[in-house]
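1. need a structure here:
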Amino acid sequence: HVQLVESGGGSVQAGGSLKLSCSFSGYSRYCMGWFRQPPGKEREGVAAINGFGNTFHADSVKGRFTISRDAVKNILYLQMNSLEPEDKAMYYCAAAPKRWCDLNSQYDYWGQGTQVTVS
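-> The predicted structure is shown next:
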């Protein structure tokens, strides 16, 4: 059974940084990703890391956000720099019980989300 718990959200000014964390249980080499849902909009993929360590980032966050994973501690991270008001959203951690995936893959397990506000 996979459980995901996000933390690290908050309110920052434009140009600031935040680091999101997602503690997870289960196989540490699963596909995992960060998704977000801005107010009034559909959920979108932000970044993903597959079981081989390959990472994928949405064009809108490339160069600003970085996904990483500590396989020993079972924590997924999203380092967010140069935050913009458009990054305001609820951010979700997700996992899929497979090793190959990218941002367009299906993810089966989801956390409750952590709110990020940029002003």
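
2. only C-alpha atoms for contact and neighbour calcs from this point on.
-> OK.

3. helix, strand or coil for the spatially most central residue of the chain?
-> In the chain, the residue lying closest to the centroid (CA atoms, centre = their mean) is Trp34, at 2.1 Å. Assigned with DSSP: H, G, I helix; E, B strand; the rest coil, Trp34 falls in the strand class.

4. Over to Val2?
-> coil.

5. Pull out the buried residues from stretch 70-88.
-> 75-78, 80-81, 83-84, 87-88 (16 or more other CA atoms under 10 Å).

6. try stretch 53-64
-> Buried residues in stretch 53-64 (16+ other CA under 10 Å): 55-57, 61.

7. same thing with stretch 103-111?
-> 103, 107, 110-111.

8. same question, stretch 1-14
-> 4-7, 9, 12, 14.

9. Of these, which belong to strands?
-> Mapping those onto strands (DSSP state E) picks out 4-7, 12.

10. of the buried residues of stretch 53-64, closest to Gly45?
-> His57 (8.2 Å; CA to CA).

11. got a list of what the closest residue to the closest one other than its chain neighbours touches?
-> Distances taken as CA to CA, 6 or more residues apart in numbering place Ala47 nearest to His57, at 4.3 Å, with adjacent residues excluded. Ala47 makes contact with 33-35, 55-58, 66-67, 103, according to CA atoms under 8 Å, 6 or more residues apart in numbering.

12. among the residues you listed, which one has the lowest pLDDT?
-> Here the lowest pLDDT out of the contacts of Ala47 sits on Leu103, with 90.

13. State the distance from that one to Thr117.
-> 23 Å (CA to CA, to the nearest Å).

14. rewinding a little: just flag the most distant two among the buried residues of stretch 70-88.
-> Top of the distance list for these (CA to CA): Ile75 and Glu84, 25.0 Å.

15. Find the nearest non-adjacent residue to the residue nearest to the centre of the chain, please.
-> Using CA to CA, 6+ apart and skipping the chain neighbours, the partner closest in space to Trp34 is Cys93 (4.7 Å).
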